[in-house]
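> Next input, structure requested:
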Amino acid sequence: MGFNDLLQSIGGLGCFQVLHTSMLLLPMCFMACHNFLQNFTAAIPAHRCRLPWLDNQTMTYDRGLLLASVPLDGNQKPESCQRYTEAQSAVWSLNSTLYNNTEPCKDGWVYDKSVFSSTIVTEWDLVCDLHRMRQMAQSVYMAGLLVGALLLGGLSDRFVPESARWLILRGRSREALKYLQRVARINGKREVGVKLSEEVLISHMQSEMKHVKSSQSPVELFRTPGMRRVTICLLLVWFSASLGFYGVGMDLQKFKSNIFLLQFFFGAIDIPAHLISAMSMSYIGRRVTLSASLILSGLTLLANMFIPQDMIILRIALAALGKGCLAASFSCAYLYSGELFPTVVRQTGMGVVTMNGRVGSMVAPLVLMLWEVSTILPPVIYGLSGILSGSAALFLTETRNRQLPDTVGQVETRSKSKGFPRNTPKEEVALTKREPTSPQNHLIDTL
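Purely as a prediction, here's the structure:
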């Protein structure tokens, strides 16, 4: 009897897994709120140069004198970064002749606070020559997530049960026994848990333990051809998905519409995206789902370049569709990555690829700074990265209805055979009845 049969005997996908997943939902919701908070905390309100001879604490001023002090832009609104020289303003009247003698804002700015009373832009005057610092602030926030994961990731492992299979392979069978007995108790299988012992656990892992070294490091992710292919493709997938997802999701002000309604719309699109992704993974497969979602996201983002700026609704719809496709790719990547990496390096592999995803989220705001060089550069970069990573996903091995690999050797064997060996019809029936591998068996394997 294999280790998967042992997991099924203590309850399979039972109360423990449901409770464990439910407890993770609350912090995940808060994390999502923080990730897109900068659409509001870093929003750019309408602004113009502050005029000491005009603006006062009551903000009452003569409209004609304002027009005589600040030039108008193409939309017949006061310029955001220029004003007429102070020498001229001192002698201007409504009937005087205006000269095209302008200068940068030397005395700060006046901001429209009708929507946002305060943002980091108004707090630090991140406008005009300093407007790039707004994108830098977003990038620094994402860098903080990466640093926090590196520094606090180990600390969080003290409060989350490790995979029992991983613990046994690392020679920590006593800890694995304690976790499995706890799971059996919560799942209503106390009698089965009492009968377990370290010898029983090890006996179920004999075949896997024959191929396991005493230690597994990130080097194992690149040591063999099969592992290199999996790791490099997933690194590209995670980087590109994060790059496009946060690049589109944190630049909503460019649509010049209600930012609150846009945030709701762009957030709500993720719900059907995840549902469609789950159904597609179950019936079509992981590889096709991941590749199609990434390529489709790239095509929609590229197509948005050719939509006229005044067709706001169509541009918003295409951008939301692209973000939804990227959300679907994330949903697939989390599950698919865990199924592709063997048990002995699964945590290491997931840590490496998700960290690369954080790097992509750091780069996303910086790509937006290229908007000044050319308005087509950001969508081209986001779009082509999605198409490239989607194409790379086609080189991965399909894992639907196939057993998860436990060792690096199994990955190499299945890679050389052009895919995971598919179960025989008899085995697939048994698999459906007692040990579905994914997503159910993937959740079981996290015990």
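> Now do the strand or helix carrying Phe222: which elements does it pack against?
Taking DSSP states H and E as the definition, Phe222 sits inside helix 220-223. For helix 220-223, the elements it packs on are helix 225-249, helix 346-368, judged by 3 or more Cβ pairs under 8 Å, 6 or more residues apart in numbering; DSSP states H and E. All C-beta atoms are positioned from the backbone trio N, CA, C, and that covers glycine.
> tell me the most buried of those?
Mean neighbours per residue, mean count of other Cβ atoms under 10 Å, is largest over these for helix 225-249, with a mean of 23.
> what's that helix packed up against?
So helix 225-249, by 3+ Cβ pairs under 8 Å, 6+ apart, packs with helix 220-223, helix 286-303, helix 312-340, helix 346-368, helix 377-393, helix 408-416.
> That one: what's the following helix or strand?
Reading on from helix 225-249 to the C-terminus, the next helix or strand found by DSSP H and E is helix 259-268.
> from the chain's centre, how far out does that next one sit?
Remark: helix 259-268 is offset 17 Å from the chain centroid, using Cα atoms, centre = their mean, to the nearest Å.
> any idea of the angle that helix forms with helix 312-340?
With axes from the mean of the first three to the mean of the last three Cα atoms, to 10 degrees applied, the angle from helix 259-268 to helix 312-340 works out at 40 degrees.
> and of the helices and strands packed on helix 220-223, who's closest to Leu150?
Closest approach to Leu150 among the helices and strands packed on helix 220-223 (Cβ to Cβ): helix 346-368, 7.5 Å.
> Specify the angle between that closest one and helix 377-393 in degrees.
160 degrees.
> Let me know the angle separating helix 346-368 from helix 225-249.
Using the same axes, to 10 degrees: helix 346-368 against helix 225-249 is 40 degrees.
> Run through the neighbouring helices and strands of helix 346-368.
Packed against helix 346-368 by the contact rule (3+ Cβ pairs under 8 Å, 6+ apart) you find helix 132-156, helix 220-223, helix 225-249, helix 312-340, helix 377-393.
> got the end-to-end distance for stretch 246-264?
15 Å (Cα to Cα, to the nearest Å).
> Give me the buried positions along it.
Tyr246, Gly247, Val248, Gly249, Met250, Asp251, Leu252, Phe255, Ile259, Leu262, Gln263 (16 or more other Cβ atoms under 10 Å).
> which one of those residues sits closest to Lys113?
Each of the buried residues of stretch 246-264 was checked against Lys113 using Cβ to Cβ; the closest is Ile259, at 14.5 Å.
> Would you confirm that the closest one contacts Asp251?
No - Ile259 sits out of contact with Asp251 when judged by Cβ atoms under 8 Å, with a separation of 11.1 Å.
> What residues of the helix or strand harbouring Cys33 count as buried?
Following DSSP H and E, one finds Cys33 within helix 15-35. Neighbour-count burial for helix 15-35, counted by 16+ other Cβ under 10 Å, picks out Phe16, Gln17, His20, Asn35.
> Might you report the residue contacts of the residue lying closest to the first one once chain neighbours are set aside?
Read that as Phe16. Of all residues not flanking Phe16 in the chain, Ile186 sits nearest, at 4.2 Å (Cβ to Cβ, 6 or more residues apart in numbering). Applying Cβ atoms under 8 Å, 6 or more residues apart in numbering, one finds that Ile186 lies in contact with Gly11, Gly14, Cys15, Phe16, Leu19.
> what's Ile186 sitting at in phi/psi?
phi -70, psi -30 (degrees, to the nearest 10).
> can you check Ala42 too?
In terms of degrees, to the nearest 10, the main-chain angles of Ala42 are phi -120, psi 20.
> Show me what the helix or strand containing Ile271 is packed against.
For Ile271, the host element (DSSP H and E) is helix 270-283. On a contact count with 3+ Cβ pairs under 8 Å, 6+ apart, helix 270-283 meets helix 286-303, helix 312-340.
> Between these, which one is closest to Ser385.
Closest to Ser385 of the helices and strands packed on helix 270-283 is helix 286-303 (Cβ to Cβ; 7.1 Å).
> I'd like the mean pLDDT over that closest one, please.
Averaging pLDDT along helix 286-303 gives 94.
> Please apply the same query to stretch 242-251.
Mean pLDDT, computed over stretch 242-251, is 89.
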